[in-house]
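Novice: Fold the following and give me the result.
(4 chains)
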Protein chains: 2
Amino acid sequence: MVTGRHETRERIVQAASELAWESGPGKLSLDAVAAKAGVSKGGLLYHFPSKAKLLEATVETFVEDYDRLLKEREAAHAQATTPVAQAFLDVFIDDVRCKRPPSSGILAALAEDPSFLNPIKRYDRALLDRIKADLGDTGLAMILYFVISGLKCNELLSLNVVRQDEIDSLTERLRALISE
Amino acid sequence: MVTGRHETRERIVQAASELAWESGPGKLSLDAVAAKAGVSKGGLLYHFPSKAKLLEATVETFVEDYDRLLKEREAAHAQATTPVAQAFLDVFIDDVRCKRPPSSGILAALAEDPSFLNPIKRYDRALLDRIKADLGDTGLAMILYFVISGLKCNELLSLNVVRQDEIDSLTERLRALISE
DNA sequence: TTGACAATACCGTCCAGACGGTACAGCTGT
DNA sequence: ACAGCTGTACCGTCTGGACGGTATTGTCAA
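Specialist: Predicted coordinates:
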């Protein structure tokens, strides 16, 4: 098969994420991932020499994708007084609007070993600091960050505690809080 | 060994939770749980005829324990205007103060099958409604619920994004918001 | 230009070990 | 007598990963 430089790698990572969602985070097998990605198991192990490396890459990809979206939204709010906070909200709202299945790749990584989430930990700590600096108000920054974090967690674990209209009114309220 | 009626059951559930924390949520084996609980595998399977039943019980125990703590705190705030919201905050604060390892039993259940979390979903939906009724202000209730939810998630996934003093100032601010 | 070689990107097979679960015989405190 | 176990033996399945092989593409000296 003729493939671009890292096209197959990306396909494998995406297949892993989708499979984690479909068959449960702890039931991710390399065989299944390979099959879903349209690659033989040998081929998979060429790109990711172990399951650990695959899950590592899944988390890293997740962070990179999120960072790209956030930067895009930040650029769109470049003239605003609180671009980071606005962008942070925007990305979350887009995420729920898109109704795409939660990124269970990170759950699969968590199931294997909690320390795989370290990149997220680092990224989010830096993000929280940026929101703080952006808003000036530390307390408000934390409220914004953790409300969104709670909502994301609710999605990630498929708890579905809130309805869409409740999410909408909550995000509107947050928008008002950070626009004052 | 002399045991009470359901003492062994409880010991097994607790062993499962601890093991999920120590060796990763997805690497919970019945052999290991039995060993940790000081029970033979046959004995474990006497109490929980399958792994699914064990994880189910783990989640149920988690919800029951939480409910007991919440009710205690509610009783302590019986004369206040917003007992549920106050108690909700109290239980969280106690939880982080105790510095006990996160209840990874639910992560193990999640790894096996996300639908094991349904009891939590039901409980939390009802809890959110109670906080809403308690506070009168729907938006404020959701902010309170999701900030705490975000903080819990942060703990559950061991992300440790915030320091203890930041948590303290955030919970104080929430306390002020719901005491007005 | 070409031929030798090497790196890349896979394929297909195989295996040791772990796992969930079954079965069952025996022990023991009440 | 019987619930509540223990201990052992076992089965079928699945899994991560090692391994050897193959086809394609790229590099580079002669």
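Novice: What segments of chain A are helices?
Specialist: With DSSP state H applied, chain A shows helices at A:7-23, A:30-37, A:41-47, A:51-76, A:83-97, A:105-112, A:118-135, A:138-156, A:164-179, listed in chain order.
Novice: so of those helices, which one's packed in deepest?
Specialist: Most buried of the helices of chain A by mean neighbour count (mean count of other C-beta atoms under 10 Å in any protein chain shown) is helix A:105-112; its value is a mean of 27. The way it works is simple: take the backbone N, C-alpha and C, and place the C-beta from them, glycine included.
Novice: is any part of it close to DNA strand D?
Specialist: No - figure legend: helix A:105-112 not in contact with DNA strand D (C-beta under 7 Å from any atom of the strand); closest approach 8.5 Å.
Novice: Which elements pack onto that helix?
Specialist: Here helix A:105-112 touches helix A:7-23, helix A:51-76, helix B:105-112, going by 3 or more C-beta pairs under 8 Å, 6 or more residues apart in numbering or on different chains; DSSP states H and E.
Novice: Out of those helices, which is closest to DNA strand C?
Specialist: DNA strand C lies closest to helix A:7-23 among the helices and strands packed on helix A:105-112, at 3.2 Å (C-beta to the nearest atom of the strand).
Novice: returning to that earlier point: JSON lines please, covering the helices of chain A and showing mean pLDDT.
Specialist: Formatted as JSON lines, these follow (pLDDT from 0 to 100):
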{"stretch": "helix A:7-23", "mean pLDDT": "93"}
{"stretch": "helix A:30-37", "mean pLDDT": "95"}
{"stretch": "helix A:41-47", "mean pLDDT": "95"}
{"stretch": "helix A:51-76", "mean pLDDT": "97"}
{"stretch": "helix A:83-97", "mean pLDDT": "96"}
{"stretch": "helix A:105-112", "mean pLDDT": "95"}
{"stretch": "helix A:118-135", "mean pLDDT": "98"}
{"stretch": "helix A:138-156", "mean pLDDT": "97"}
{"stretch": "helix A:164-179", "mean pLDDT": "95"}
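Novice: and B:A78, which of these is closest to it?
Specialist: helix A:138-156 (27.5 Å; C-beta to C-beta).
Novice: Could you check the angle the closest one makes with helix B:138-156?
Specialist: Inter-element angle recorded for helix A:138-156 and helix B:138-156: 80 degrees (by axes from the mean of the first three to the mean of the last three C-alpha atoms, to 10 degrees).
Novice: Alpha carbons only: can I get helix A:138-156 in CSV?
Specialist: The C-alpha trace of helix A:138-156 is given here as CSV (Å, rounded to 0.1, in the frame of the first residue of the first chain):
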residue,chain,number,x,y,z
THR,A,138,-7.4,33.9,40.1
GLY,A,139,-10.6,32.7,41.7
LEU,A,140,-12.6,33.3,38.6
ALA,A,141,-10.0,31.5,36.5
MET,A,142,-10.2,28.4,38.7
ILE,A,143,-14.0,28.5,38.6
LEU,A,144,-13.9,28.6,34.8
TYR,A,145,-11.3,26.0,34.5
PHE,A,146,-12.9,23.5,36.9
VAL,A,147,-16.5,24.0,35.7
ILE,A,148,-15.3,23.1,32.2
SER,A,149,-13.1,20.3,33.7
GLY,A,150,-16.2,18.9,35.5
LEU,A,151,-18.3,19.1,32.3
LYS,A,152,-15.5,17.4,30.3
CYS,A,153,-15.2,14.7,32.9
ASN,A,154,-19.0,14.2,32.8
GLU,A,155,-18.6,13.6,29.1
LEU,A,156,-15.5,11.5,29.3
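Novice: can you give me the angle that helix makes with helix B:118-135?
Specialist: Using the same axes, to 10 degrees, helix A:138-156 lies at 140 degrees relative to helix B:118-135.
Novice: hang on, the earlier thing: format the helices of chain A as TSV; extra columns: distance to B:T138.
Specialist: Formatted as TSV, these follow (distance: least, C-beta to C-beta, whole Å):
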stretch	distance to B:T138
helix A:7-23	31
helix A:30-37	42
helix A:41-47	48
helix A:51-76	28
helix A:83-97	18
helix A:105-112	30
helix A:118-135	24
helix A:138-156	14
helix A:164-179	8
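Novice: can you redo those helices as a markdown table with distance to DNA strand C?
Specialist: Conversion of those to a markdown table gives the following (distance: least, C-beta to the nearest atom of the strand, whole Å):
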| stretch | distance to DNA strand C |
| --- | --- |
| helix A:7-23 | 3 |
| helix A:30-37 | 7 |
| helix A:41-47 | 2 |
| helix A:51-76 | 13 |
| helix A:83-97 | 30 |
| helix A:105-112 | 13 |
| helix A:118-135 | 23 |
| helix A:138-156 | 24 |
| helix A:164-179 | 36 |
